[in-house]
Every structure is written in structure tokens, then in C-alpha cells.
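In: Pasted the sequence and its predicted model underneath.
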Amino acid sequence: MPRPRKRLAGSAEPAGPDNKGPAGKRTKTKNPVGASAQVVNSSPQKTSASKTCGKYLSSYWLMKSEAESRLEKGVDVKFSIEDLKAQPKQTACWDGVRNYQWVRRKVVVYSPLGQARNFLRAMKLEQEAFFYHSNCKEPGIAGLVKIVKEAYPDHTQFEKNNPHYDPSSKEDNPKWSMVDVQFVRMMKRFITLAELKTHHQAHKATGGPLKNMALFSRQRLSIQPLTQEEFDFILSLEEKEPS
DNA sequence: GCCAACGTTGGC
DNA sequence: GCCAACGTTGGC
């Protein structure tokens, strides 16, 4: 399965004149989110979301993205928080999430929906997520983003040249979803994975807020729910010296 | 670059 | 539906 991580949207377009990405050399194109982002200030649609009929009632999230260049089927999948900031409206669609299986501890339940996808679909307008840099020298939480468009079909699944092309997905019944996220702010300081892990270890013994953090207990999930306690605790770390 | 953890696939 | 083999994630 492809990596359920973030990459720039719109990569189906051939490198066109609008290709002036942050690093200049990527073959990725700008994301087409402009169109979708205006949902932001429209609240008319009582999104199906507001029914909160799902089992995921989390209001906070952690989203992983690769912060260093890496080619996947010839496409650079790098998308750091700086790249997000450089987008129009500082907004990008979160495509490429392909995570089909639901695994909890030793009990493996095959869900008709993938876990990361379920989480994507549970994300609601204005909810906040930590932007996590993965697969890089210093992994950790770089900043805060918010959901500005709820789940809609991930266009990359229909694009033959996209690393996330899924020939088994049909236009009239898309398998994969994505959301749009907008940059909110950088963390006051970068919260490293190592620091989070130190707290996680300590909290396992003391029952502290990070004792069950998904980053460690479900390490391969690209989109993870955070509890209020986890979110608040991590925010509080900003004000402290790195431990 | 290595490799542990864990998600996915396919034979049965 | 089980589970061994394989593939991927992602920290180190």
C-alpha cells in the first residue's frame, strides 16, 4: 500500500507554468485547493459531520507528513509545514491517505473502511491538528493546522500517473478521501519525537496524559486522533524548556 | 542504510 | 477465516 502520508495535491498535472513550488525544482504542481478552500467561512451546510454519529469523537488530530525529499514512483513526496505555508491561502488538500486495515492490539478486525480513512472522514471543520514531520532527521511536531474542508474524494486515486492511483476505485464510488487543511501557526518551539517519547514513557508509569498516545501505540497510523488531554499537554510543552 | 514493527496479501 | 510470507513505515 502506498504511504498514507501527505503529498502535494495536483500532481497529476504535468509540470506546468504554475510550477513554482517552494523549492522550485519539484515536479509537483500547486494544489487546486483554491476551489475547495472557500468552504471555510460558509457554515450553511450542516455537514453530515455535525451529527457526530461516528465513533470517533476526537476533536484533535495529529497528521504526519514527510519533511524531507523522497521519491515515490518518481514523485517527490516531501511536504513540510513550510511547504504548506507557501500554498495559496496556506491551504492544501491532504491526499494520498491509503490505510485500509483496522488493527487494535492483537485483535485484527478487517473493516470495510480503513482506519486512517475513517479518521479522515471524522475530521470536522475548524478542528485542529498537529502537523508532524516524519521520516526525517528530527521527527516531531512542527506546527498547528486546521481542517477547512471535510472529507471528499481524493482525486489522486483516479490519476493514472499518480503514485496513489487505484484502478479499483470508481468515480461513482470513490474509495479514498481527503480533507483540506490550513496552516494555523508554527509551534513556539519544535516538539521532537524524542521529547514526546520521554513523556510517553514516564506517563506510562505515572498515568500521565501521553500514556496511550497513538504516535507510540499505533505507530504506523498516518492520521491519529488525540484526546483533549494529549492535545493540551503537548501545547503546554511549548512553554517549557525541552526536557 | 538497517531493521523492528506492523500492515497486506494470498494460499489453504 | 487463519496465518506465514512479504512489503512498508519510519525511527534510529
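Out: Received it, and whenever you're ready, just let me know what you need.

In: Just the C-alphas of the longest helix along chain A, formatted as PDB.
Out: What stands out as the longest helix in chain A, according to DSSP state H, is helix A:193-206. The C-alpha trace of helix A:193-206 is given here as PDB (Å, rounded to 0.1, in the frame of the first residue of the first chain):
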ATOM      1  CA  LEU A 193       9.600  12.900  18.800                       C
ATOM      2  CA  ALA A 194      12.300  12.100  21.400                       C
ATOM      3  CA  GLU A 195      10.800  14.500  23.800                       C
ATOM      4  CA  LEU A 196       7.300  13.200  23.300                       C
ATOM      5  CA  LYS A 197       8.600   9.700  23.800                       C
ATOM      6  CA  THR A 198      10.300  10.600  27.000                       C
ATOM      7  CA  HIS A 199       7.000  11.900  28.300                       C
ATOM      8  CA  HIS A 200       5.100   8.900  26.900                       C
ATOM      9  CA  GLN A 201       7.500   6.600  28.800                       C
ATOM     10  CA  ALA A 202       7.100   8.500  32.000                       C
ATOM     11  CA  HIS A 203       3.400   8.700  31.700                       C
ATOM     12  CA  LYS A 204       3.000   5.000  31.200                       C
ATOM     13  CA  ALA A 205       4.300   4.700  34.700                       C
ATOM     14  CA  THR A 206       2.500   7.600  36.200                       C
END
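
In: Determine the set of other helices and strands touching that helix.
Out: The contact analysis (3 or more Cβ pairs under 8 Å, 6 or more residues apart in numbering; DSSP states H and E) places helix A:193-206 against strand A:140-153, helix A:214-217, helix A:228-237. The C-beta positions use only the backbone N, C-alpha and C, and glycine is treated the same way.

In: pLDDT (mean, whole number) over it?
Out: When pLDDT is averaged over helix A:193-206, the result is 94.

In: And for stretch A:161-172?
Out: Stretch A:161-172 shows an average pLDDT of 74 in the prediction.

In: Residue A:224: neighbouring residues, count only.
Out: Neighbour count for residue A:224, taken as other Cβ atoms under 10 Å: 24.

In: Apologies, that question was intended for residue A:118.
Out: With other Cβ under 10 Å as criterion, residue A:118 counts 20.

In: How is it assigned, secondary-structure-wise?
Out: Here residue A:118 is helix, with the state taken from DSSP: H, G, I helix; E, B strand; the rest coil.

In: Retrieve the pLDDT associated with it.
Out: With respect to pLDDT, residue A:118 has a value of 75.

In: Next: residue A:49.
Out: Per-residue confidence at residue A:49 stands at 35 (pLDDT).

In: This completes my enquiry, with thanks.
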